[in-house]
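> Pasted the sequence and its predicted model underneath.
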Amino acid sequence: MLTLQINGHAAEFDVPDDMPLLWVLRDVAGLTGTKFGCGVALCGCCTVHLDGQPIRSCVTAARDAVGHKITTIEVIGDTPAGAKIQKAWLDLEVVQCGYCQSGQIMSAAALLAGNASPSDGDIDDAMSGNICRCGTYPRIRAAIKHAATL
């Protein structure tokens, strides 16, 4: 049994301790906003926060999240930075197909939470590894800059 603190609530899960956190979230906890993309931490679709820092849940063992606060896309809008990012995403109509967007939003929210006025370089660093097959990168950058003004 593993006890995980997910979105402000503690829950016990009877899963193998080496099960990827992504599958605990999606298949066991029913939090399907976090997406599976590549399975090897290259695309960023599975990004969640662990103690406020973005991590790739597809390569993070569930046991490594024990004792930490896990935040998923389902509640990121409840945080000041997450609310600003989500508003900016809507204001600038960032989403095209939408598949990668939960990971993009999670990375952007972590950036804005730690840096209220990110430079282009800061945005590039924070968002590297988040792949968008639709190529919405210019809108993502613009939305992050917009969110910083909200």
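Right, received. Where do you want to start? Numbers count the residues shown, from 1 in each chain.
> so how far is I70 from the residue nearest to the spatial centre of the chain?
Central residue of the chain (CA atoms, centre = their mean): M106, 2.8 Å from the mean position. M106 is 11 Å from I70, where distance means CB to CB, to the nearest Å. C-beta here means a position set from N, CA and C on the backbone, and glycine is covered the same way.
> okay, and the common contacts of these two?
Common neighbours of M106 and I70 are listed as 48-49 (criterion: CB atoms under 8 Å, 6 or more residues apart in numbering).
> Following the chain onward from the top helix by length along the chain, which element is next?
Longest helix of the chain, by residue count under DSSP state H: helix 101-114. Next along the chain after helix 101-114, taking DSSP states H and E as the criterion, comes helix 120-127.
> who touches that next one?
Residues outside helix 120-127 that contact it (CB under 8 Å, 6+ apart): 54, 104, 107-108, 110-111, 115, 118, 137, 140-141, 144-145.
> hmm, try it at 7 Å
Defining contact as CB atoms under 7 Å, 6 or more residues apart in numbering, one finds that helix 120-127 is touched by 107-108, 111, 115, 140-141, 144.
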